[in-house]
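Asks: Give me the fold of what follows.
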Amino acid sequence: MATITAVTLRNFRGFARPKPLQLAPLTFLVGPNSAGKSSIADALLFMAQSGFLSLEATNPLWIGPLVDLGSFKDTVFGHDTKRMIEIMVTLAGSPRRSKPAGSWNVEIAAQLNATKDSPDGRLKRLAVTLPDLEDSAELVRLA
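Replies: You can find the predicted model right below:
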């Protein structure tokens, strides 16, 4: 079973600079209105809705059954389409019937940008890192 242990956002809604957030098995997000609490959940839902967490898709789905973010321009910090959105999710887990030695960690990072050909945003880079094994793989769109 996998557990989300951390989320890092950059240029996603109100988060301009990278903001790593460590998550525990029970995490409460509290703060004033418009502090970004829902943005953290929206980023996770966006990653799942787009298929990035399961690595099944390469096109962002801004509007879907899990979350409605509008568009790239609506979601990027300051509505500045020259910025790149970055979302990183860290997962930890272990096989259901395994000892702690069977545990694993994986980081999935997505970078999205807008271009002249894709003004509503596209996946620029998707990286999967296994920190414990010091191994990684990434998909990079060059054009």
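Asks: going forward, measure contacts and count neighbours with C-alpha atoms only.
Replies: Fine.
Asks: Okay, and the beta partners of the most centrally placed residue in the chain?
Replies: When the chain is reduced to its mean C-alpha position, the nearest residue by CA atoms, centre = their mean turns out to be Ile87, at 3.3 Å. With beta bridges defined as DSSP bridges, Ile87 has these partners: Leu9, Ala110.
Asks: what residues does the longest helix along the chain touch?
Replies: Residue-count comparison of every helix in the chain, with assignments taken from DSSP state H, identifies helix 37-50 as the longest. Under the contact criterion CA atoms under 8 Å, 6 or more residues apart in numbering, helix 37-50 has outside partners 7, 9, 12-14, 29-31, 53-54, 57-62, 64-67, 69, 87, 89.
Asks: List only buried entries from those.
Replies: 7, 9, 12-14, 53, 58, 60-62, 66-67, 69, 87, 89 (16 or more other CA atoms under 10 Å).
Asks: Now intersect those residues with the strands, please.
Replies: Among the buried ones among the contacts of helix 37-50, the members found in strands (DSSP state E) are Val7, Leu9, Ile87, Val89.
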